[in-house]
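**Student:** coords below, sequence missing:
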């Protein structure tokens, strides 16, 4: 073991003695240490940094792909660890400890950026960044924040040396998390599942150490492959750590429906067309019937015995004056009748409550569905919030439950509404799964223990949709806050259908004006988890941008608002209280009187986001 590992052992031994009989104090110190360390590596391992470094190395393309994927998954793991650790600290409830958590997180971010620049960027390539990183490094040395044994590693050296240093670093992290797991078993009042999650993080750190060791062993001092090392041999070594560290085509789970690509069907209607007819033609073109039959054959049961769950977008709806945040109920009815025509006897439309039920009444799924006309003899409505069951996910952290009907379905369909989003830019069939597990707000605010994209990916990984549909026909919300609604929606007259929801979202994102569909954080996360299907995707039907279209980044003002949206919502929205559209208060009465200050704040937010309705405007059904 190296000097860093030895120093960590000594520190842990010292804390065991100092906090004997006070395991809560020892745990607090260890969590703060872990938070700073996880933040350092989540910034230092990020994909952009590793990709730039790998491009500069003289390696075969296949070897470079193997190392890149292994590093991407190490980075994603560490990012999840950092969020979970901060959320755990904040949920402990001590104000002083919360303040220290933010300080340590900030220190980790700065330290991670400084380390990444000094370790992977040459002076000639980025002199300004190198100078700033040098200043931060000097301040850290003077302040005693950078141990002497670490300093020599914080400079540009062979990638092999970087990997060897991180073998040591990952083993120190393993020591910390093993001790935290021991302490969590005896400290009362911790959030549910903490012991299990701490043990999972410890196992992740052990895997990361093995990944770095394999890469270091494969490289010589000149960062070329050592004699006898091949791409196949390195791939076999990485495979022993876990399938997610491999590229999609090399995984044993390469048949996962997401990331596979294939055909994305885009049905285009005309103003005089019947929308149901356009929709049905798109379903036929995408061969939904054939996919149902193949799935039934795989399960060894007749189509008539299959349970089909459809996840529409309903619960962001707030008034019949604005139909833009909800899937068209006529199209959902048509889908259910199509499924019935294929022989399916049980079709469930599943949705989950969101944070609006903390401000307004009558916000059960049944109430909101009935209000917007989601009433049909072809399907039943299910509230997933009422049937959450515990589930242990193989990957990720923070997500602990899933809706029973979605879990048990034999065939799953995401039927989302095309929407813009101030942070994700677009919110389509992948984002539609928010709420199928733990409530969505569990992954939004500062005490969250997982980022929203990661929480969605956990659901998609183990309970993926077998088919994806996107309603972009009428009343499509555009602008900065389309996910909430739109006073002047677009009418593209389009419907999208595909077996691969990732491929569908990439195509629809391009049509919504994104030069790179993976600018959307949820789509990018899906490509990390399941593979990027762009090169394996073909568009059948219309493949042209939607015109006119504004989006959330049309001008500098909207771009600034989008940039500020998440921190403002996270820290300054009163847990979403300021960011609500103009509800139909007769249908959804406020749970408590609206104060003058809250009323003024909501009015200002609506005007800023373009969500203020005129009395003359009405949605088009």
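**Tutor:** Received the coordinates, thanks. On a predicted model such as this, the values are computed, not experimentally measured, just so you know.

**Student:** Show me where the stretch 451-600 of the chain has its helices.
**Tutor:** 452-462, 501-511, 521-530, 556-572, 596-609 (DSSP state H, counting those that start in this stretch).

**Student:** Export the ones you listed as TSV, with columns for distance to residue 69 and mean pLDDT.
**Tutor:** Yep, even glycine has a C-beta here, placed from its N, CA and C like the rest. Shown next, in TSV, are the helices of the stretch 451-600 of the chain (distance: least, C-beta to C-beta, whole Å; pLDDT from 0 to 100):
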stretch	distance to residue 69	mean pLDDT
helix 452-462	16	94
helix 501-511	16	98
helix 521-530	9	94
helix 556-572	28	81
helix 596-609	39	91
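
**Student:** Let me know which of these is tucked in deepest.
**Tutor:** helix 501-511 (a mean of 27; mean count of other C-beta atoms under 10 Å).

**Student:** ok, back up a step: turn the helices of the stretch 451-600 of the chain into JSON lines, including distance to residue 211.
**Tutor:** Shown next, in JSON lines, are the helices of the stretch 451-600 of the chain (distance: least, C-beta to C-beta, whole Å):
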{"stretch": "helix 452-462", "distance to residue 211": "19"}
{"stretch": "helix 501-511", "distance to residue 211": "25"}
{"stretch": "helix 521-530", "distance to residue 211": "15"}
{"stretch": "helix 556-572", "distance to residue 211": "31"}
{"stretch": "helix 596-609", "distance to residue 211": "43"}
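
**Student:** Any idea which of those gets closest to residue 104?
**Tutor:** Proximity to residue 104 (C-beta to C-beta) singles out helix 556-572 among those, at 17.8 Å.

**Student:** any idea which helix is longest in the chain?
**Tutor:** helix 61-91 (DSSP state H).

**Student:** do you know how far the residue positioned nearest the centre of the chain is from residue 121?
**Tutor:** Centroid check for the chain by C-alpha atoms, centre = their mean gives residue 453 as the closest residue, at 0.8 Å. Remark: distance between residue 453 and residue 121 (C-beta to C-beta, to the nearest Å) = 27 Å.

**Student:** ditto for residue 166
**Tutor:** Distance from residue 166 to residue 121, by C-beta to C-beta: 17 Å.

**Student:** more neighbours, those two?
**Tutor:** Between residue 166 and residue 121, counted using other C-beta atoms under 10 Å, residue 166 has the larger neighbour count: 25 against 18.

**Student:** for the closest residue in space to the more buried one that isn't next to it in sequence, what are its contacts?
**Tutor:** Closest residue in space to residue 166, ignoring its immediate chain neighbours: residue 212 at 4.6 Å, by C-beta to C-beta, 6 or more residues apart in numbering. By C-beta atoms under 8 Å, 6 or more residues apart in numbering, residue 212 lies in contact with 74, 163, 164, 166, 167, 170.

**Student:** who touches the worst-scoring helix or strand of the chain on mean pLDDT?
**Tutor:** In the chain, no helix or strand scores lower on mean pLDDT, DSSP states H and E than helix 148-151, which sits at a mean of 74. With C-beta under 8 Å, 6+ apart as the test, helix 148-151 has contacts from 2, 3, 4, 7, 141.

**Student:** And for the closest residue to the second one other than its chain neighbours, the neighbour number?
**Tutor:** In space, not counting the residues next to it along the chain, residue 3 is nearest to residue 149; the distance is 3.8 Å by C-beta to C-beta, 6+ apart. With neighbours defined by other C-beta under 10 Å, the count for residue 149 comes to 14.

**Student:** One more: residue 588?
**Tutor:** That count, for residue 588 with other C-beta under 10 Å as the rule, works out to 21.

**Student:** Need the pLDDT of the nearest residue to it once chain neighbours are set aside.
**Tutor:** Leaving aside its sequence neighbours, residue 588 sits nearest to residue 360 (C-beta to C-beta, 6+ apart; 4.0 Å). If you check residue 360, the pLDDT there is 97.

**Student:** Who is residue 360 paired with across the strands?
**Tutor:** Beta-bridge partners recorded for residue 360 (DSSP bridges): residue 590.

**Student:** hang on, the earlier thing: tell me the one of the contacts of residue 212 nearest residue 289?
**Tutor:** residue 74 (42.6 Å).

**Student:** who touches the closest one in this structure?
**Tutor:** 45, 208, 211, 212, 245 are the contacts of residue 74 under C-beta under 8 Å, 6+ apart.

**Student:** Go through those and flag which are in helices.
**Tutor:** 208, 211, 212.

**Student:** Distance-wise, check the last one relative to residue 281.
**Tutor:** The reference is to residue 212. 53 Å.

**Student:** circling back to that earlier point, of the contacts of residue 74 - the most surrounded one?
**Tutor:** residue 208 (29 neighbours).

**Student:** Tell me the spatial nearest neighbour of it, not counting adjacent residues.
**Tutor:** Closest to residue 208 by C-beta to C-beta, 6+ apart is residue 170, at 4.6 Å.

**Student:** and the one you found, how many neighbours does it have?
**Tutor:** Neighbours of residue 170 using other C-beta under 10 Å come to 23.

**Student:** doesn't it fall inside a strand?
**Tutor:** No - Residue 170 sits outside any strand when classified using DSSP: H, G, I helix; E, B strand; the rest coil, being helix.

**Student:** tell me the two of the contacts of residue 212 that are most distant?
**Tutor:** 74 and 164 (14.9 Å).

**Student:** Residue 440: which of the helices of the stretch 451-600 of the chain is closest?
**Tutor:** Short answer: helix 452-462, nearest of the helices of the stretch 451-600 of the chain by C-beta to C-beta, at 7.4 Å.

**Student:** how close does the residue nearest to residue 3 get to residue 165?
**Tutor:** Taken as C-beta to C-beta, the span from residue 149 to residue 165 is 10 Å.

**Student:** again, but for residue 10
**Tutor:** 19 Å.

**Student:** Ok, residue 8 next?
**Tutor:** In terms of C-beta to C-beta, residue 8 sits 14 Å off from residue 165.

**Student:** Might you report the residue contacts of residue 432?
**Tutor:** Counting by C-beta under 8 Å, 6+ apart, the residues that residue 432 touches are 311, 313, 414, 415, 416.

**Student:** residue contacts, the residue nearest to it when sequence neighbours are not counted?
**Tutor:** Distances taken as C-beta to C-beta, 6+ apart put residue 416 closest to residue 432, at 3.8 Å, once the chain neighbours are dropped. By C-beta under 8 Å, 6+ apart, the contact set of residue 416 is 311-313, 327, 427-429, 431-432, 468-471.

**Student:** and which of the residues you listed is nearest to residue 180?
**Tutor:** Nearest member of those to residue 180, counting by C-beta to C-beta, is residue 431, at 32.8 Å.
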